[in-house]
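**Student:** Prediction below, plus the sequence it came from.
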Amino acid sequence: MTYQADLKLFIDGAWRSGEGRDVHTVVNPVTGSGIADVPYATAADLDEALAASERAWPEWRAMDVEKRGSILRKAAKLLRERAEAIGAILTQEQGKPIAEAKAEVLGSAQLFDWYAEDAKRDYGRTLVRPAGQLSRVIRQPVGPVATFTPWNFPIYLLAKKVAAALAAGCTVISRPPHETPGCTTELFRALADAGIPAGVAQLVHGEADLVSRTLIASRTIRKVSFTGSTAVGKHLMKLCADSMTRVTMELGGHAPVLIFDDCDLEKTLDMVVPQKFRNAGQVCVSPTRFYVQESIYEPFLEGFAARTAKVTVGDGLAAETRMGPLANARRPDAVGALVDDARAKGARVLAGGERGDQGFFFQPTLLADVTNEAKIMNEEPFGPVAVTRAFSTFDEVIAEANRLPFGLAAFAFTENGRRANLLGDALESGMVGINTFAISVADAPFGGVKDSGFGSEGGKEGLESYQVVKAIHQA
């Protein structure tokens, strides 16, 4: 299939191509070869985007919420109509299987629909006061927003930010990842074709440091929303501190999975193995540290290894592929180094453990008996590697699950209702899935604690993150 992305910047309602601008080569991770060039925004482009965002904000925030919503709903409709084509672009840029890519586009459309409607339910409240007095609390849009998103779910994570910000009445300047410029451009093309006013939503491909420093340093930007690594998130927070710019940070994780001996083992294995290797493990909430109760540890390993061996790895455009390559040239070496370190420290390799012969592939991998001294037990692998060890008691496994400074997602499998209630309270995580991995949905908050960030996207909380609170008192 031919790569058919039209790579441009979208600034002040106009598409801009590469004339006079530096370009970056987009690489297909299946082959490691370049497939297109994306133009990078200049400093002048960024200044124009900032001016347009500030100019467009008063009219956009004043627009009737139903009219704003109608634009978002039309963009959602266009995304659904174009899901096949956009999914193919996403797969060729990022590597995930085409079915996953198409599902991501459809999930992004759902976010636009959700926030188009949720903005209508932003009621505020009236306080109790003596007769003749009035005190009320309202929420208003924070102002122009800058968003920075990663390559693992390039459309969905962008839509989570853009849809909520636009619904709240903010204008948005987005810098997507350089690995996946085509699919993210198509999201903004849907907004443009839906009739978004000039300056309200803008897309600036570009060098990360230049774009982030320029946008964050501007007094125009009132809010920054970032999804990515903890290290980069902390760096951006330092930049935001100088101007007291509000931030939402959805950062790294290292999700524990607690497997108790009363679970339905076969059903659990059928759930956890596909989830582990979804998007080649490049998921911030990917199940990674598997703690399995002693009595079922060996049967769990046997079932996991057998299912892992059946995962079909290949080009994401092939219908039979269940796991594609990693997204860029850095990832196979990074994942391989973690696997080698674990092996050197006593871990058993029960499946995989090696990189592929071409492109950016790495085998689906299962490691057993991994100690806390291994780097992979302390650093997020962000790849197709499951690490396992046995546990005995509830208190022991909770301590292990909460040991790291990360707290984005945690999962548990048990048929004991009382234990399930205790797990929900005891796990230090922004999201907990018990007998399910369905934790990223439009109507629920998504976010972490500790070094996994703060603030939420999704649900009512996602809209509120782009608003400020105002109390109005009248006597």
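**Tutor:** Cool, got the structure. What you see is a predicted model, and the numbers here were worked out from it, not measured in a lab. Numbering: from 1, shown residues only.
**Student:** And the helices in the stretch 151-300 of the chain?
**Tutor:** 156-168, 181-193, 208-217, 230-241, 265-277, 297-309 (DSSP state H, counting those that start in this stretch).
**Student:** To clarify, my last question referred to the stretch 1-150 of the chain.
**Tutor:** With DSSP H, counting those that start in this stretch as the criterion, the stretch 1-150 of the chain has helices at 43-62, 65-81, 83-94, 98-118.
**Student:** nearest spatial neighbour of Leu210, skipping sequence neighbours?
**Tutor:** For Leu210, ignoring the flanking residues on the chain, the nearest one in space by CB to CB, 6 or more residues apart in numbering is Ala43 at 7.0 Å. Just so you know, the C-beta spots here come from the backbone N, C-alpha and C atoms, and that holds for glycine as well.
**Student:** Is it correct that that neighbour is in contact with Arg213?
**Tutor:** No - with contact defined as CB atoms under 8 Å, Ala43 does not count as touching Arg213 (10.2 Å).
**Student:** more crowded one of the two?
**Tutor:** Arg213 (14 against 11; other CB atoms under 10 Å).
**Student:** Can you give me the neighbour number for Ser465?
**Tutor:** So Ser465, with other CB under 10 Å, has 24 neighbours.
**Student:** number of nearby residues for Val292?
**Tutor:** 27.
**Student:** between the helices of the stretch 151-300 of the chain, which gets nearest to Ala36?
**Tutor:** Closest approach to Ala36 among the helices of the stretch 151-300 of the chain (CB to CB): helix 181-193, 7.1 Å.
**Student:** now the angle between helix 65-81 and the closest one, please.
**Tutor:** Following axes from the mean of the first three to the mean of the last three CA atoms, to 10 degrees, one obtains 140 degrees for the angle between helix 181-193 and helix 65-81.
**Student:** Enumerate every residue touching the residue most central in space within the chain.
**Tutor:** By CA atoms, centre = their mean, the chain has its centre lying nearest to Leu157, at 4.4 Å. Leu157 makes contact with 149-150, 227, 250, according to CB atoms under 8 Å, 6 or more residues apart in numbering.
**Student:** looking at the chain, which helix or strand does the model trust least?
**Tutor:** strand 453-454 (a mean of 92; mean pLDDT, DSSP states H and E).
**Student:** Domain ranges for the protein, per the record?
**Tutor:** In terms of domains, the chain is parsed into 9-251+452-474, 255-441 (source: automatic domain parsing).
**Student:** on that earlier part again, quick one: the contacts of Leu157 as JSON lines, columns for distance to Phe437, pLDDT and neighbour count too.
**Tutor:** Formatted as JSON lines, the contacts of Leu157 follow (distance: CB to CB, whole Å; pLDDT from 0 to 100; neighbours: other CB atoms under 10 Å):
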{"residue": "Thr149", "distance to Phe437": "22", "pLDDT": "98", "neighbour count": "26"}
{"residue": "Pro150", "distance to Phe437": "20", "pLDDT": "97", "neighbour count": "21"}
{"residue": "Thr227", "distance to Phe437": "19", "pLDDT": "97", "neighbour count": "25"}
{"residue": "Glu250", "distance to Phe437": "17", "pLDDT": "96", "neighbour count": "27"}
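**Student:** Next, format these as TSV and append distance to Asn372.
**Tutor:** Listed next are the contacts of Leu157 as TSV, based on distance: CB to CB, whole Å:
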residue	distance to Asn372
Thr149	32
Pro150	27
Thr227	28
Glu250	26
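**Student:** With adjacent residues omitted, what lies nearest to Ala146?
**Tutor:** Nearest one to Ala146, counting by CB to CB, 6+ apart, is Leu215 at 4.2 Å.
**Student:** how far away is the one you found from Glu54?
**Tutor:** Here Leu215 is placed at a distance of 12 Å from Glu54 (CB to CB, to the nearest Å).
**Student:** So for these two, which residue has more residues nearby?
**Tutor:** Set Leu215 next to Glu54 and count neighbours by other CB under 10 Å: Leu215 wins out with 27 against 18.
**Student:** Pull up the per-residue confidence for the more buried one.
**Tutor:** We have a pLDDT of 98 for Leu215.
**Student:** Correct me if wrong: it contacts Ile173.
**Tutor:** Yes - the pair Leu215 / Ile173 is scored as a contact, 6.1 Å apart, by CB under 8 Å.
**Student:** So for these two, which residues contact both of them?
**Tutor:** With CB under 8 Å, 6+ apart as the test, Leu215 and Ile173 both reach 50, 146, 221.
**Student:** Next, count neighbours for the second one.
**Tutor:** Neighbours of Ala146 under the rule other CB under 10 Å: 30.
**Student:** Kindly report the same for Asp64.
**Tutor:** Neighbour count for Asp64, taken as other CB under 10 Å: 8.
**Student:** Would you mind giving me the confidence score for it?
**Tutor:** Reported pLDDT for Asp64: 96.
**Student:** Roughly how far does it sit from Gln363?
**Tutor:** With CB to CB as the criterion, Asp64 and Gln363 are 54 Å apart.
**Student:** re earlier: so can I have CSV of the domains of the chain showing distance to Thr2?
**Tutor:** Shown next, in CSV, are the domains of the chain (distance: least, CB to CB, whole Å):
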stretch, distance to Thr2
domain 9-251+452-474, 9
domain 255-441, 11
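**Student:** ok, the residue lying closest to Phe226 once chain neighbours are set aside - how many residues close by?
**Tutor:** Sequence neighbours aside, Phe148 is the residue nearest to Phe226 in space, at 4.6 Å (criterion: CB to CB, 6+ apart). By other CB under 10 Å, 24 other residues sit near Phe148.
**Student:** Ok, Ala337 next?
**Tutor:** Neighbour count of Ala337, defined by other CB under 10 Å: 14.
**Student:** likewise Gln4?
**Tutor:** For Gln4, the number of neighbouring residues by other CB under 10 Å comes to 11.
**Student:** Contacts only, for Ala426.
**Tutor:** By CB under 8 Å, 6+ apart, the neighbours of Ala426 are 398, 402.
**Student:** Renumber starting at 46 from here on
**Tutor:** I'll keep to 46 as the first residue from here, and by that count the last item is Ala471.
**Student:** Next, give phi and psi for it.
**Tutor:** Main-chain torsions, Ala471, degrees, to the nearest 10: phi -80, psi -30.
**Student:** In contact with the nearest residue to Phe305 once chain neighbours are set aside, which residues?
**Tutor:** Distance criterion CB to CB, 6+ apart; nearest residue to Phe305, sequence neighbours excluded, is Thr459 at 4.1 Å. Counting by CB under 8 Å, 6+ apart, Thr459 makes contact with 303, 305, 307-308, 465, 468, 479-480.
**Student:** Apply 6 Å and report the result again.
**Tutor:** 305, 307-308, 465 (CB atoms under 6 Å, 6 or more residues apart in numbering).
**Student:** Pull out the buried members of those residues.
**Tutor:** For the contacts of Thr459, a burial check counting by 16 or more other CB atoms under 10 Å picks out 305, 308, 465.
**Student:** Pipe these into TSV and attach distance to Ala396 and pLDDT per row.
**Tutor:** Below are the buried ones among the contacts of Thr459 laid out as TSV (distance: CB to CB, whole Å; pLDDT from 0 to 100):
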residue	distance to Ala396	pLDDT
Phe305	23	98
Cys308	21	97
Ala465	30	97
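**Student:** wait, isn't Ser510 in contact with Thr293?
**Tutor:** Yes - between Ser510 and Thr293 there is a contact under CB atoms under 6 Å: 5.0 Å.
**Student:** contacting residues around stretch 307-318?
**Tutor:** Contacts for stretch 307-318 (CB under 6 Å, 6+ apart): 332, 341, 348, 352, 458-461.
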